[in-house]
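**Student:** Pasting a predicted model and its sequence here:
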Amino acid sequence: MTPAAARRRWLPSPALSAVVFCFWLLMNDAVDAGSVAMALLLALLVPPFAARLDREFARIGSLRPLPRLLARLAWDIVHANLTVARQVLGPERRIQPGFVWVPLDIGNIHGIAALTSIITLTPGTVSSMLSPDRRWLLVHVLDLREPEALVRQIKQRYEAPLMELFP
């Protein structure tokens, strides 16, 4: 085994090791020999386990849609907050909660994670479940009057730009 291969085996991510080391020391009240030893031990043990957990690395495509996506998300969060406040403060009988399955075209797990986060960040919607084949996302909606329109909106406003970001 070459020295480089041995180093990669014991220290697959020097940056993650450094972050774990620093954060452990920051979380302790005092920097003493025991804290430094524990930080060093964690810095050596955590990255190899983390490397085994995440085998699918994020592939970043074009960053061009990111500013527009973030602006749209900010607007949608503000708008959804006002809508949810109006619904909650209004008559309860007008609210029609429900679940809708959203078919996914995006295949990158990091893009799917971003999509589920965006949906959950927007008041009135929560990502509930991802199908085992990653082709369907179950979304709970506070007021589900037009399921097809909601699916179309999620796909156009969020999934399409995320597919450019995460090809």
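**Tutor:** Arrived safely, thanks for sending.
**Student:** Look through every helix and strand of this structure and give the one with the lowest mean pLDDT.
**Tutor:** helix 3-10 (a mean of 67; mean pLDDT, DSSP states H and E).
**Student:** those helices in this protein, which residues are they?
**Tutor:** 3-10, 14-27, 33-53, 66-89, 109-121, 147-154, 160-165 (DSSP state H).
**Student:** What is the fourth one packed up against?
**Tutor:** Read it as helix 66-89. helix 109-121, helix 160-165 (3 or more C-beta pairs under 8 Å, 6 or more residues apart in numbering; DSSP states H and E). Using the backbone N, CA and C atoms, a C-beta is placed for each residue, glycine as well.
**Student:** Near the closest residue to V151 other than its chain neighbours, how many residues? Count them for me, please.
**Tutor:** Distances taken as C-beta to C-beta, 6 or more residues apart in numbering place V102 nearest to V151, at 5.3 Å, with adjacent residues excluded. V102 has 21 neighbours, counted by other C-beta atoms under 10 Å.
**Student:** check contacts around V102.
**Tutor:** Going by C-beta atoms under 8 Å, 6 or more residues apart in numbering, V102 touches 136-139, 151, 154-155.
**Student:** Between all of those residues, which two are at the greatest distance?
**Tutor:** L138 and K155 (14.9 Å; C-beta to C-beta).
**Student:** if we can go back for a sec, from the contacts of V102, which is closest to L45?
**Tutor:** L137 (34.4 Å).
**Student:** which residue sits closest to the closest one, ignoring its sequence neighbours?
**Tutor:** L137 sits nearest to V102 (C-beta to C-beta, 6+ apart), 4.6 Å away.
**Student:** And the one you found, how far from I77?
**Tutor:** Per C-beta to C-beta, to the nearest Å, V102 is found 19 Å from I77.
**Student:** out of the helices of the chain, nearest to I60?
**Tutor:** helix 160-165 (6.6 Å).
**Student:** so what does the closest one touch, helix or strand wise?
**Tutor:** Using 3+ C-beta pairs under 8 Å, 6+ apart: helix 160-165 touches helix 66-89, helix 109-121.
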